[in-house]
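1. fold the following.
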Amino acid sequence: MGRPWVWVLAVAALFSLVQLPSAPGNFYPDSTEYLTQVYGMLGDSRAEGRDRAIRAFCDQYRHKSLVLDPVGFDAKAGAKAAGNCVKRLHAQDDQGPETRYGPAITRGASIPSSRYEDIFLSRPGVAVLYLPGVVAFGPRAGMWLTTLAWTLLGGVLVFLLLRRLGVAPGVAVLGQVLYLILPIRVWTMAPLSEGITLGLLMTCLLGAVYLLTGDRRRGLALLGAGFAVGTFVKYSQFLLFAAALAGVLAVVVLVRRRRAGGGADGAATLIGVSVAAAAAMFLVSKLLGWPGTADTMQDLLTNHFREPDVADPLGGWLRTNLDFWRSWLAEQLQEPFLLVAWAAGAWGVIRFHRPAGYVVFAALLAGLANQIGHPNVTQGSRIYIAAWLLAVYGIPLLLHTLLTRRPPDVLTERQPVEPVTEVIPRQSGPAPAPDTWRSPAGGE
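-> All right, here's what the predicted structure looks like:
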């Protein structure tokens with residue numbers, strides 16, 4: 001496959017074109033939480049910022065009836081619906097006087113709680129990243145273009161990681177395509193925090209793989225950037241990922257040292273970085289007074305703080321989790337697309353490149369842990385979105401393994417790197433694995 005970057009750019013261009021008919025897409029209530037912060041950063045007063053956010057949110061009512069019923073579309077009816085939306089939300093302006101930007105903008109009953117607002121105020125990085133687009137193109141178009149840019153970046157990051165592991169260029173482009181067409185696209189293209197969060201999480205994944213494959217400088221730079229920015233985008237997700245990454249690799253290193261007595265310098269460094277990142281994020285969240293686990297439970301159990309706090313949040317959270325996972329499992333067994341994708345992805349990453357597989361499994365665990373913390377049936381695919389990365393990376397790796405029947409070459413752009421076997425020795429046993437897992441001495 002000649003000139004793989006031409007194909008990467010072609011895929012990105014094609015994806016952008018097919019998004020245009022639905023642009024600027026849905027504008028969610030949560031989108032307005034970030035938009036009001038953007039206007040606050042631009043110097044608008046509370047009333048001005050809220051009014052501009054309300055009008056951006058209600059403007060979509062002008063277009064929804066056209067999309068749903070193009071034949072019977074009535075421009076006057078759309079304008080009336082938008083006007084009624086503006087009136088309804090401005091009637092709530094005086095609620096929640098203790099909030100910074102006013103009560104939450106919703107499609108129904110208001111949420112006048114400052115505790116609910118604090119959840120979004122703990123993500124100032126999202127507003128900062130949306131700000132240039134809003135200034136240049138307006139609220140809806142600007143936020144849509146920002147999400148498009150981050151979604152395209154995510155596809156490029158998938159390509160880079162797969163190429164780093166030595167897969168064929170065409171298979172790496174397939175990974176980019178999977179990221180863009182799998183169901184996660186619904187959320188990465190939404191003007192929320194998910195696309196940005198996933199892009200930064202994949203930056204950390206790429207950094208981890210660089211570190212495990214011998215490029216310490218580039219790996220540490222990517223990890224540092226991903227965790228640093230991610231702290232101010234959605235610190236809870238990055239805290240979970242850092243903890244999962246440290247935990248998974250710690251178990252692997254302990255088991256392998258016990259069995260083989262070998263070292264694992266790259267893995268040890270990655271564990272140290274992950275622990276330091278988790279500790280730093282936890283400390284920052286406490287110093288800045290960001291919401292924690294107790295607030296998350298109460299938000300879940302009190303309908304976004306509309307009702308009084310429950311006396312037993314832990315018990316309610318456990319019962320809600322039981323209900324969620326029972327419903328989720330029944331749905332997945334009836335339509336097992338995700339389970340099959342996970343199985344194929346797990347087979348791919350473990351058979352092709354186990355150290356990278358452990359890193360991707362950490363992303364899976366972080367996504368599932370995030371869902372356990374927020375067992376909301378209506379938001380499941382959005383909350384555990386990071387868990388999809390196992391399929392995004394693993395399926396191309398499996399395909400490459402099946403097509404080539406040979407071990408991969410670990411690549412860099414400028415020079416070959418030390419094989420990953422120098423970082424984490426091969427586990428003994430008869431299970432099939434690539435030759436790149438053989439130890440420097442030729443086996444154990």
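2. in the chain, which helix or strand is least confident?
-> Sorted by mean pLDDT, DSSP states H and E, the helices and strands of the chain end with helix 61-68, the least confident at a mean of 60.
3. quick check: next helix or strand after that one?
-> helix 75-90 (DSSP states H and E).
4. give me the next element, helix or strand, following that following helix.
-> Next helix or strand after helix 75-90 toward the C-terminus (DSSP H and E): helix 114-121.
5. now do the buried residues in that following helix.
-> For helix 114-121, burial by neighbour count (16 or more other Cβ atoms under 10 Å) applies to 115-121. The way it works is simple: take the backbone N, C-alpha and C, and place the C-beta from them, glycine included.
6. likewise for stretch 328-342?
-> Counting neighbours by 16+ other Cβ under 10 Å, one finds that the buried residues in stretch 328-342 are 328, 338, 341-342.
7. pick out the most distant pair among those.
-> Maximum pairwise distance in the buried residues of stretch 328-342, criterion Cβ to Cβ, is 15.1 Å, between 328 and 341.
8. convert stretch 26-37 to CSV, retaining C-alpha atoms only.
-> Taking Å, rounded to 0.1, in the frame of the first residue of the first chain, the C-alpha atoms of stretch 26-37 are listed here in CSV:
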residue,chain,number,x,y,z
ASN,A,26,-28.0,17.5,17.7
PHE,A,27,-27.4,20.0,20.5
TYR,A,28,-27.7,18.4,23.8
PRO,A,29,-28.6,19.9,27.2
ASP,A,30,-25.1,19.0,28.4
SER,A,31,-23.7,20.9,25.4
THR,A,32,-25.0,24.1,26.9
GLU,A,33,-23.1,23.6,30.1
TYR,A,34,-19.9,23.9,28.2
LEU,A,35,-21.2,26.7,26.0
THR,A,36,-22.1,28.9,29.0
GLN,A,37,-18.6,28.4,30.3
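9. need the contact partners of it.
-> Residues from elsewhere that reach stretch 26-37, judged by Cβ atoms under 8 Å, 6 or more residues apart in numbering: 49-50, 52-54, 56-57, 59-60, 101-102, 104-107, 117, 120-121, 123-124, 126-127, 130, 134, 139-140, 143, 190-193.
10. among those, name the buried ones.
-> Taking 16+ other Cβ under 10 Å as the criterion, what is buried in those is 49-50, 52-54, 56-57, 59-60, 101-102, 104-106, 117, 120-121, 123-124, 126-127, 130, 134, 139-140, 143, 190-193.
11. got the CA positions of stretch 153-172 in CSV?
-> What follows is stretch 153-172, C-alpha atoms only, in CSV (Å, rounded to 0.1, in the frame of the first residue of the first chain):
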residue,chain,number,x,y,z
LEU,A,153,-7.6,13.1,15.3
GLY,A,154,-8.8,9.9,17.1
GLY,A,155,-8.7,8.0,13.8
VAL,A,156,-5.2,9.3,13.1
LEU,A,157,-4.1,8.2,16.6
VAL,A,158,-5.4,4.7,16.0
PHE,A,159,-3.4,4.6,12.7
LEU,A,160,-0.2,5.7,14.4
LEU,A,161,-0.5,3.2,17.2
LEU,A,162,-1.1,0.3,14.9
ARG,A,163,1.8,1.4,12.6
ARG,A,164,4.0,1.7,15.7
LEU,A,165,3.3,-2.0,16.4
GLY,A,166,4.3,-2.9,12.8
VAL,A,167,1.0,-3.8,11.2
ALA,A,168,0.6,-3.3,7.4
PRO,A,169,-0.4,0.2,6.4
GLY,A,170,-3.7,-1.0,4.9
VAL,A,171,-4.6,-2.8,8.1
ALA,A,172,-3.7,0.4,10.1
